[in-house]
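1. next one to model:
(one chain, ligands or ions: 1)
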Amino acid sequence: MDIPFAESYKIKMVESIRKSTREEREKWINDARYNLFNLSSEQVYIDLLTDSGTGAMSDRQWAAMMTGDESYAGARSYYNMKKALKDILGFDYFLPTHQGRAAENVLFSVLVKSGDIVPGNSHFDTTKGHIEFRSAHAIDCTIDEAFDPENEHPFKGNIDLSKLEDVLKDTPREKTPFIVVTLTNNTAGGQPVSMANIKGVAEMADKYGVKLLFDSARFAENAYFIKTREQGYADKSIKEIVLEMYQYAHYATMSSKKDAIVNMGGFVCFRDEEVFKKASTYNIMFEGFITYGGMSGRDMNALAVGLDEGTEFEYLETRIRQVAYLGQKLDEYNVPYQRPAGGHAIFIDARKVLPNVPKEEYIAQTLGIELYLEAGIRGVEIGTLLADRDPDTRENRYPKMELLRLAIPRRVYTNNHMDVIAAAAKNVYDRRHTITKGYKIKNEAPIMRHFTVELEKA
Ligand SMILES: *Cc1c(COP(=O)(O)O)cnc(C)c1O
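-> As a prediction, this is how the structure comes out:
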């Protein structure tokens, strides 16, 4: 008999979680104005709202916390982080920040001006927010295959080079501060970008004299997919692949709450000393002095260890196979999702699961509420609420896909939890014909409304 696969770690500490009744959940979600962000965590049994900052740190990371150096300037922990970024990503200059959007704020304050054009692959919501807040425009150049949930393309995060060239051809060089390559492409379903595509984008950037920014939150998961799916990389280590990827980047912004497996933290990396110096001023204003930037010494230490562990194949294999396991269970029950399974999450195809809810009534949000009512599972809407209104016309933007993202925290849940999630999704799917009404907006913020929106039954 073949020896089956199992996790590459064992458990040293546990946290209790609590089930609830459907009656309790009906009251709680109503009190939360049908916004899953408004639920308290104790009202949730399995929390798949995000994989951001929700991972379990290792014994090595906790040990590193104890030796954190909390000096204001020049802390040992800062140099530990500096060494990790040099060794793993190959950058000489960096600034710590309190999380990923802060890294965007610091870098974009130097580089993005009103009227600029920033092409990329399905910019993440905070990235787009920071671009539009500066009256610049994000243009999505993701390949068309990404918007067909059935398509099994191995690198659905890829940038369409001809779409990109159309943008670059029509935009003066000084109006294009950089191209964003999001690794993996979160919005398109945690889908990876191939090394060949990174290389192609880099060549085109070079041709037009434009710089490349890697939005790096899940760079290690991206490297895992390159190793397991792209020809020529099977025998390379994750760390070798990561270094090869980053040789093409001029800048990197990072949410360390993802692939660096810490609960809080981020950074921005530079090749160019001059941009680094300009950004340092913003870092001091917004985040903190350049050797801590909103992070404690102990957290910088944990981040340095997390970057090392997060780029080990055995860890990544455990993680990504768990996401794939949930996908296989959904396959058994015929529940449709963005294929193939992503690196950090399963994105359920809400239009197919709830064919009778009109698009004006927020289909993916409706599915999120149904899954919560079914079993206390909290996902997040990646649909019309997230897509927000057009900044000029103020009309709802209806995205190409209505998805419910089930993000799997790192090293937190077991495959038994995956079984519960899949069964709950099946039950909702089985009663899809009885769900015909969604929700309407009572209150919303002018930008990034999905975090605070208040809804009522339509
Ligand atoms: C999470 C994330 C960000 C923002 O990082 P925060 O740490 O949440 O501020 C930016 N880009 C991508 C792709 C992300 O997943």
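2. beta-bridge partners for the closest residue to the ligand within the stretch 151-300 of the chain, please?
-> With Cβ to the nearest ligand atom, the shortest gap between the stretch 151-300 of the chain and the ligand falls at Ser255, namely 3.1 Å. Backbone N, C-alpha and C define where each C-beta goes, glycine included. Bridge pairing for Ser255 (DSSP bridges) gives the partners Gly266.
3. before we move on, what's the pLDDT of it?
-> pLDDT recorded at Ser255 is 97.
4. pull the number of nearby residues for it.
-> Residues near Ser255, counting by other Cβ atoms under 10 Å, number 28.
5. centre of the chain to the helix or strand hosting Ile369, how far?
-> Assigned by DSSP states H and E, Ile369 falls within helix 363-375. The chain centre lies 21 Å from the centre of helix 363-375; the measure is Cα atoms, centre = their mean, to the nearest Å.
6. restricting to C-alpha, output it in PDB.
-> Taking C-alpha atoms only, helix 363-375 is exported to PDB below (Å, rounded to 0.1, in the frame of the first residue of the first chain):
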ATOM      1  CA  ILE A 363     -25.100  37.200  -5.500                       C
ATOM      2  CA  ALA A 364     -21.700  36.300  -3.900                       C
ATOM      3  CA  GLN A 365     -22.600  38.100  -0.700                       C
ATOM      4  CA  THR A 366     -25.900  36.200  -0.600                       C
ATOM      5  CA  LEU A 367     -24.000  33.000  -0.900                       C
ATOM      6  CA  GLY A 368     -21.600  34.100   1.900                       C
ATOM      7  CA  ILE A 369     -24.600  34.700   4.200                       C
ATOM      8  CA  GLU A 370     -26.200  31.300   3.300                       C
ATOM      9  CA  LEU A 371     -23.000  29.400   4.100                       C
ATOM     10  CA  TYR A 372     -22.700  31.200   7.400                       C
ATOM     11  CA  LEU A 373     -26.300  30.300   8.300                       C
ATOM     12  CA  GLU A 374     -25.700  26.700   7.200                       C
ATOM     13  CA  ALA A 375     -22.800  25.900   9.400                       C
END
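7. that helix packs against which elements?
-> For helix 363-375, the packing partners by 3 or more Cβ pairs under 8 Å, 6 or more residues apart in numbering; DSSP states H and E come out as helix 22-31, helix 350-353, strand 377-378, strand 380-382, helix 384-387, strand 403-407, helix 415-430, strand 439-443.
8. circling back to that earlier point, quick check: the residue of the stretch 151-300 of the chain closest to the ligand touching Phe219?
-> No. The criterion here is Cβ atoms under 8 Å, and Ser255 misses it with Phe219 at 10.5 Å.
9. got a list of what Val118 touches?
-> 112, 131, 136-139, 176-180 (Cβ atoms under 8 Å, 6 or more residues apart in numbering).
10. Thr253 belongs to a strand, doesn't it?
-> Yes. Using DSSP: H, G, I helix; E, B strand; the rest coil, the secondary structure at Thr253 is a strand.
11. now do it: how many residues are near it, please.
-> The burial count for Thr253: 28, using other Cβ under 10 Å.
12. what residue, apart from its backbone neighbours, is nearest it spatially?
-> Distance criterion Cβ to Cβ, 6 or more residues apart in numbering; nearest residue to Thr253, sequence neighbours excluded, is Ala103 at 4.0 Å.
13. check contacts around the one you found.
-> Applying Cβ under 8 Å, 6+ apart, the residues contacting Ala103 are 95, 97, 253-255, 266-268.
14. ok and the residue in the protein nearest the ligand?
-> Counting by Cβ to the nearest ligand atom, the chain gets nearest to the ligand through Gly100 (2.3 Å).
15. please look at that residue and Phe214 and confirm they touch.
-> No. Gly100 is beyond contact range of Phe214, at 11.9 Å (criterion: Cβ under 8 Å).
16. Leu168 belongs to a strand?
-> No. Applying three-state DSSP, one finds Leu168 to be helix, outside a strand.
17. wait, what's in contact with the closest residue to Tyr439 other than its chain neighbours?
-> Spatial nearest neighbour of Tyr439, chain neighbours left out: Leu455 (4.1 Å); criterion: Cβ to Cβ, 6+ apart. Residues in contact with Leu455, defined by Cβ under 8 Å, 6+ apart, are 33-35, 362, 365, 439-442.
18. Pro391 now?
-> Contacts of Pro391 (Cβ under 8 Å, 6+ apart): Glu132.
19. residue contacts, the closest residue to the residue of the chain closest to the ligand other than its chain neighbours?
-> Of all residues not flanking Gly100 in the chain, Ser255 sits nearest, at 2.7 Å (Cβ to Cβ, 6+ apart). Shown in contact with Ser255 (Cβ under 8 Å, 6+ apart): 52, 99-101, 103, 216-217, 266.
20. could you check how far Ser255 is from Ser280?
-> 20 Å (Cβ to Cβ, to the nearest Å).
21. pLDDT (mean, whole number) over stretch 75-95?
-> On average, stretch 75-95 scores 98.
22. which parts of it are buried?
-> 75, 77-78, 80-82, 84-85, 88-91, 93-95 (16 or more other Cβ atoms under 10 Å).
23. out of those, which sit inside strands?
-> Here DSSP state E is the test, and those give 93-95 as lying in strands.
24. between those, which sits nearest Asp206?
-> Tyr93 (20.9 Å; Cβ to Cβ).
25. pretty sure that closest one is touching Glu274, no?
-> No. In this structure, Tyr93 is not within contact of Glu274 by Cβ under 8 Å, at 10.0 Å.
26. what does the stretch 251-400 of the chain have sitting close to the ligand?
-> 255, 257-258, 266 (Cβ under 6 Å from any ligand atom).
27. enumerate the residues of the stretch 101-250 of the chain near the ligand.
-> Neighbours of the ligand within the stretch 101-250 of the chain, by Cβ under 6 Å from any ligand atom: 101, 124, 126-127, 182, 186, 215, 217.
28. show me the contacts for Asn197.
-> Applying Cβ under 8 Å, 6+ apart to Asn197 gives the contacts 155, 158-159, 161.
29. one more pass at 6 Å, please.
-> Shown in contact with Asn197 (Cβ atoms under 6 Å, 6 or more residues apart in numbering): Asn158.
30. just the helices in the stretch 101-250 of the chain please.
-> With DSSP state H, counting those that start in this stretch, the ranges of helices along the stretch 101-250 of the chain come out as 125-133, 161-170, 195-208, 219-229, 238-246.
31. against Ile382, how distant is the residue minimising distance to the centre of the chain?
-> Taking Cα atoms, centre = their mean, the centroid of the chain lies closest to Asn186, which sits 4.5 Å from it. Distance from Asn186 to Ile382, counting by Cβ to Cβ: 9 Å.
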